[in-house]
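Trainee: Curious how this folds, go ahead:
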Amino acid sequence: MQIVKAEYLLSAPDLTICPIDGRPEICFSGRSNVGKSSVINALTRRKKLAKTSNTPGKTRSLNYYLIDESWYLVDMPGYGYAKISKKEQSRWGREMKRYLMEREQLRLVVVLLDIRHEPSTLDEEFLFWLGEERIPFCIILNKSDKISKNKVTQRRSEVEKMLKEMNIDVPVFVVSAIKPDTLDELLAFAREFLQNPVES
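Mentor: Model prediction:
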């Protein structure tokens, strides 16, 4: 079932600004310039819901989108962007860690990776940390339209092997923001967590 209604609600630089109405949340995370905004727009079928930018690191707060008036899609700041101060990076890191560990409404973390490249050290560290903290998550390999089908299969196998070596069992979805139908399987998976939240 596709998303019918999606609207921007607010940007929260820290947890004190987050909504307090108790609606469940699914957050999207990943390195800067991995294409989170484009994927969110494709998922919601709204071309301008999330603002895309050619400047990595543009998102500096938790951006909340109300979906079908029943749950929140949360766009997290991208990690790994070097052109901001170390002090600001440290602040983001603390707030995002607090959000992921303390936010009771959070049901699922969707981690975006660029399928054209091997996961970075930061990606691997983040995935391992999510697994270690038993935070429910899944992975989407974005920008699949930019490489061959053989390369897509190869990259997916490599990511699944990496997860196996970490002793992590989570689904890996292959998507393209220019092909919204490729996100249907992800949306169906996410809805399971909204209806039947998994306890850590």
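Trainee: Now tell me what touches the helix or strand that W129 is a member of from outside.
Mentor: Using DSSP states H and E, W129 sits in helix 121-132. Contact with helix 121-132 is made by 29-31, 79-80, 100, 109, 111, 113, 119, 137, 139, 162-163, 166-168, 170, as judged by Cβ atoms under 8 Å, 6 or more residues apart in numbering. From N, CA and C alone the C-beta is placed, and that goes for glycine too.
Trainee: To what extent is the nearest residue to T44 once chain neighbours are set aside buried, counted in neighbours?
Mentor: Nearest residue to T44, sequence neighbours excluded (Cβ to Cβ, 6 or more residues apart in numbering): A6, at 3.9 Å. A6: 19 surrounding residues under other Cβ atoms under 10 Å.
Trainee: cool, and K151?
Mentor: Neighbour count for K151, taken as other Cβ under 10 Å: 13.
Trainee: list the buried ones in the one helix or strand it maps to?
Mentor: Secondary structure from DSSP H and E places K151 in helix 149-165. By neighbour count with 16 or more other Cβ atoms under 10 Å, helix 149-165 contains the buried residues 152, 155-156, 159-160, 162-163.
Trainee: Can you pull up the most central residue in the chain?
Mentor: Nearest to the mean C-alpha position of the chain, by Cα atoms, centre = their mean, lies F28 at 2.0 Å.
Trainee: hang on, the earlier thing: can you give me the distance of the residue nearest to T44 to Y65?
Mentor: 6 Å (Cβ to Cβ, to the nearest Å).
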